[in-house]
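coords please:
(chains A and B)
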Amino acid sequence: QTVVTQEPSFSVSPGGTVTLTCGLSSGSVSTTYYPNWYQQTPGQAPRTLIYNTNTRSSGVPDRFSGSILGNKAALTITGAQADDESDYYCVLYMGSGISVFGGGTKLTVL
Amino acid sequence: QVQLQESGPGLVKPSQTLSLTCTVSGDSISSGTYYWSWIRQPAGKGLEWIGRIYTSGSAKYNPSLKSRVTISVDTSKNQFSLNLSSVTAADTAVYYCARTRNWNDFDSWGQGTLVTVSS
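Got it, this is the predicted structure:
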């Protein structure tokens, strides 16, 4: 089974820019995988940040953006804030009705 | 505003069947606009997609769980349910139900319910 890969952890300074990626153990991510990005803080259900590669969900600040970079989906946070410190998950649609989450990235803002 | 609420036993014995129900309010499952999904998260670990169902009853499952999972829908009660058979300690997790559009957009989530598998 194809594995969806994410960086286990990342660190960014307040006000800085960070790009988290979502790849495949075999092959390239494209828009046909409908990459979505979720943010989760401890004890809370995830919330949608980005859907369909690059569309921000309602109420999501515009410092969050989604794209395809090379062979991966990417989530970029421009001007990181302290409350962006969270776990971030991508999910890809593999076809035949199957979705697969990445392992998640723990983002530290310091 | 749609709300989803998971319910079911918080403790299940090994080898038994885990059964959860998600009650939807503020939206109608039978509208056909969305899929309805189950996702789980073991403590300290990542999210795992379990499966989804459409109002017609057509369901898709995670291949790694497919032999043990059944998701069903009851449109008269505006609920959908998860059954996971032959559970082990590895199935201990917070289980979430979620409204789903466009395959991967889990746009509304329940608060999650912890299910522990233990004798």
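
now residue B:57, nearest residue through space, not along the chain?
residue B:73 (5.8 Å; Cβ to Cβ, 6 or more residues apart in numbering or on different chains). Every residue, glycine included, has its C-beta placed from N, CA and C.

list the residues that contact the one you found.
Going by Cβ atoms under 8 Å, 6 or more residues apart in numbering or on different chains, residue B:73 touches B:29, B:36, B:53, B:54, B:55, B:57, B:79, B:80, B:81.

again with residue B:39
Residue B:39 neighbours (Cβ under 8 Å, 6+ apart): A:101, B:47, B:48, B:49, B:50, B:95, B:96, B:97, B:98, B:106.

if any of those residues are buried, give me the PyMOL selection for them.
In PyMOL, this line selects whichever of those come out buried by 16 or more other Cβ atoms under 10 Å in any protein chain shown:
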select buried, (chain A and resi 101) or (chain B and resi 47+48+49+50+95+96+97+98+106)
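
show me the two of the contacts of residue B:39 that sit farthest apart.
A:101 and B:97 (15.5 Å; Cβ to Cβ).

so what pLDDT did the residue nearest to residue A:32 when sequence neighbours are not counted get?
Once flanking residues are discounted, residue A:32 sits nearest to residue A:93: 7.9 Å by Cβ to Cβ, 6+ apart. Looking at residue A:93, its pLDDT reads 96.

pull up the pairing partners for the helix or strand containing residue A:93, direction included.
Using DSSP states H and E, residue A:93 maps to strand A:87-95. According to DSSP bridges, strand A:87-95 forms sheet pairs with strand A:36-40 (antiparallel), strand A:98-101 (antiparallel), strand A:105-109 (antiparallel).

show me what contacts whichever residue of chain B sits closest to chain A?
Proximity of chain B to chain A (Cβ to the nearest Cβ) peaks at residue B:60, 3.2 Å away. For residue B:60, the contact set (Cβ under 8 Å, 6+ apart) comprises A:96, A:97, A:98, B:51, B:52, B:53.

quick check: the single nearest residue of chain A relative to chain B vs residue A:62, distance?
Of all residues in chain A, residue A:97 sits closest to chain B, at 3.2 Å by Cβ to the nearest Cβ. Here the criterion is Cβ to Cβ, to the nearest Å. By it, residue A:97 lies 32 Å from residue A:62.

those two: who's more crowded?
residue A:97 (15 against 8; other Cβ atoms under 10 Å in any protein chain shown).

where do the strands sit along chain B?
Under the criterion DSSP state E, chain B contains strands at B:3-7, B:11-12, B:18-25, B:35-41, B:48-53, B:59-61, B:69-74, B:79-84, B:93-101, B:105-109, B:113-117.
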